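Student: Provided below for reference: sequence and predicted model.
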Amino acid sequence: MGYTISEIATALSAKSVGAVDLLITGASEPATATADDLALAMDQKYAGGLADGQARAAILWDGADWQALGLLAAIFVPRPRYAMSGLTALLDPGPQIAAGIHQTAVVDQTAKIGAGAAIGPFVVIGPAVVIGENARIASHVSLESGVQIGDEALLHSGVRIGANVQIGDGFIAQPGAVVGSDGFSFVTPEKSTVEQARETLGKDVTANAQSWTRIHSLGSVQIGNNVELGANVTIDKGTIRSTRIGNGTKLDNQVHVGHNVQIGEDCLLCGQVGIAGSSRIGNRVVMAGQCGVSDNIFVGDDVVAGGASKIFTNAPAGRILLGSPAVKMENHVEMQKALRRLPRMAKQLAELKNLLGKKGNS
């Protein structure tokens, strides 16, 4: 199966020239492209690779001389990376799951499966589960009782959805994602060393024998429309109220969302981000890899946090953060500059002390 240059250009709302009926079956970097591939030379620095490959057509930057590059056809896009989203969606067939319900799947008789759904091998669907139209569920997925999932969902192999989780339309979960696990919430009969440390900021903490008692999770998880979860994402149930993820939010691999957390719309949380319990994240928040958010704090709309930032206090809307503890990015840069100067400053201070000592002895 393939697409003509004209069809691809139409899908990308882009301009095509040359042999627009040329059939394309894949995409490739210029140097490794075959004759049936569309070469991705969307910046002039990649043009040299076209001579090493066999591509007859390419996506090029605005103003490129496609004929001088030896091509039979070309597509011009004003925003290359955005064009990648449309191209990859067009060429990605997704997992191959046969229509209907596989004979090895276990589906409770009270479950409701929408029209056009494809249920793969060894899937387990519990009582009172509702699955929307055209859902695709790959092998070894389990949906516990009362789960509701909207239309056009795609659950890859090994996804686990806990009881009573509610999910909107267009949901995508990569292999191993877990939604609706119990929250990590424990308490001691007397004040623990952790509670004392928080109250006193580490002063006069008395360590006593203590054992941990579970606080059970009575809430669930509510997820909006067009949310995507990466591989091995884990989202905990709320203690009383449900943990919530807003429309359009995307979570990368190994992101952990603690109990009671509220995440807004169109957020982007990159690999290994951790959000501790009961924190609130606004809309359009971006957190780079390994960011951490302390419990019970608020991160405002449009905050951007650089990689490995640790947010321990409330962050106002629009703030650009970096560091541990996270501060304004410009402040963090100045702090790092000052830190690099410390060895030189220490040497200068030692020399000054030595000079003053000699003068005092003379």
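Tutor: Sure, I can see it.

Student: Kindly list the longest helix within this protein.
Tutor: Counting by DSSP state H, the longest helix found in the chain is helix 329-361.

Student: and it, how far out from the chain's middle?
Tutor: 42 Å (Cα atoms, centre = their mean, to the nearest Å).

Student: Give me the buried positions along that helix.
Tutor: M329, H332 (16 or more other Cβ atoms under 10 Å). Just so you know, the C-beta spots here come from the backbone N, C-alpha and C atoms, and that holds for glycine as well.

Student: Quick one: list the elements packing against it.
Tutor: The contact analysis (3 or more Cβ pairs under 8 Å, 6 or more residues apart in numbering; DSSP states H and E) places helix 329-361 against strand 320-322.

Student: Partner strands of the strand it packs on, with direction?
Tutor: Here strand 320-322 is paired, per DSSP bridges, with strand 304-305 (parallel), strand 327-328 (antiparallel).

Student: downstream neighbour of the first one in the secondary structure list?
Tutor: For strand 304-305, the following helix or strand on the C-terminal side (DSSP states H and E) is strand 310-311.

Student: residues in contact with that following strand?
Tutor: Contact partners of strand 310-311, identified using Cβ atoms under 8 Å, 6 or more residues apart in numbering, comprise C291, G292, V293, S294, I297, V299, A305, L321, G323, S324, P325, A326.

Student: how about a cut-off of 10 Å?
Tutor: 274-276, 279, 281, 287, 290-294, 297-299, 303, 305, 319, 321, 323-326 (Cβ atoms under 10 Å, 6 or more residues apart in numbering).

Student: Please tell me the pLDDT value assigned to S362.
Tutor: S362 is assigned a predicted lDDT (pLDDT) of 64.

Student: Output the below-cut-off pLDDT ranges for the protein.
Tutor: Low-confidence segments of the chain (pLDDT under 70): 360, 362.

Student: Please parse it into its domains.
Tutor: 3-91, 185-216 (automatic domain parsing).

Student: Look at D204 and say how many residues are nearby.
Tutor: 8 (other Cβ atoms under 10 Å).

Student: now do the one 4 residues further on
Tutor: By the other Cβ under 10 Å criterion, the neighbourhood of N208 contains 10 residues.

Student: Next: the one 10 residues further on.
Tutor: Residues within reach of L218, counting by other Cβ under 10 Å, total 12.

Student: Q174 too?
Tutor: Other residues close to Q174 by other Cβ under 10 Å number 20.

Student: and it, what is it in contact with?
Tutor: 154-159, 228-233, 251-253.

Student: Using PDB, write out every CA atom in the helix or strand hosting A39.
Tutor: Using DSSP H and E, A39 maps to strand 37-41. These are the backbone C-alpha positions of strand 37-41, laid out as PDB (Å, rounded to 0.1, in the frame of the first residue of the first chain):
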ATOM      1  CA  ASP A  37      10.800   6.200  -0.300                       C
ATOM      2  CA  LEU A  38      10.000   9.800   0.300                       C
ATOM      3  CA  ALA A  39      13.300  11.400   1.400                       C
ATOM      4  CA  LEU A  40      13.100  13.800   4.300                       C
ATOM      5  CA  ALA A  41      15.400  16.600   3.300                       C
END
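
Student: so of the strands paired with strand 320-322, which one's packed in deepest?
Tutor: strand 304-305 (a mean of 22; mean count of other Cβ atoms under 10 Å).

Student: Mind listing residues that contact it?
Tutor: Residues from elsewhere that reach strand 304-305 (Cβ under 10 Å, 6+ apart): 268-270, 273, 284-288, 291-293, 299, 311, 315, 318-323, 326, 329.

Student: one more time with 7 Å
Tutor: Contact partners of strand 304-305, identified using Cβ atoms under 7 Å, 6 or more residues apart in numbering, comprise V286, M287, A288, C291, I311, I320, L321, A326.

Student: Let me have those residues in JSON lines, extended by neighbour count and distance to A350.
Tutor: Formatted as JSON lines, the contacts of strand 304-305 follow (neighbours: other Cβ atoms under 10 Å; distance: Cβ to Cβ, whole Å):
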{"residue": "V286", "neighbour count": "17", "distance to A350": "44"}
{"residue": "M287", "neighbour count": "27", "distance to A350": "42"}
{"residue": "A288", "neighbour count": "20", "distance to A350": "39"}
{"residue": "C291", "neighbour count": "28", "distance to A350": "39"}
{"residue": "I311", "neighbour count": "26", "distance to A350": "38"}
{"residue": "I320", "neighbour count": "16", "distance to A350": "37"}
{"residue": "L321", "neighbour count": "23", "distance to A350": "36"}
{"residue": "A326", "neighbour count": "25", "distance to A350": "34"}
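
Student: Closest one of those residues to V205?
Tutor: I311 (24.3 Å; Cβ to Cβ).

Student: Tell me what that closest one is bridged to.
Tutor: Bridge pairing for I311 - DSSP bridges - gives V293.

Student: Could you double-check that I240 sits in contact with L218?
Tutor: Yes. At 5.6 Å, I240 counts as touching L218 under the criterion of Cβ atoms under 7 Å.

Student: want to try CSV for the strands paired with strand 320-322, with distance to G18 as columns?
Tutor: What follows is these, written out as CSV (distance: least, Cβ to Cβ, whole Å):
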stretch, distance to G18
strand 304-305, 41
strand 327-328, 50
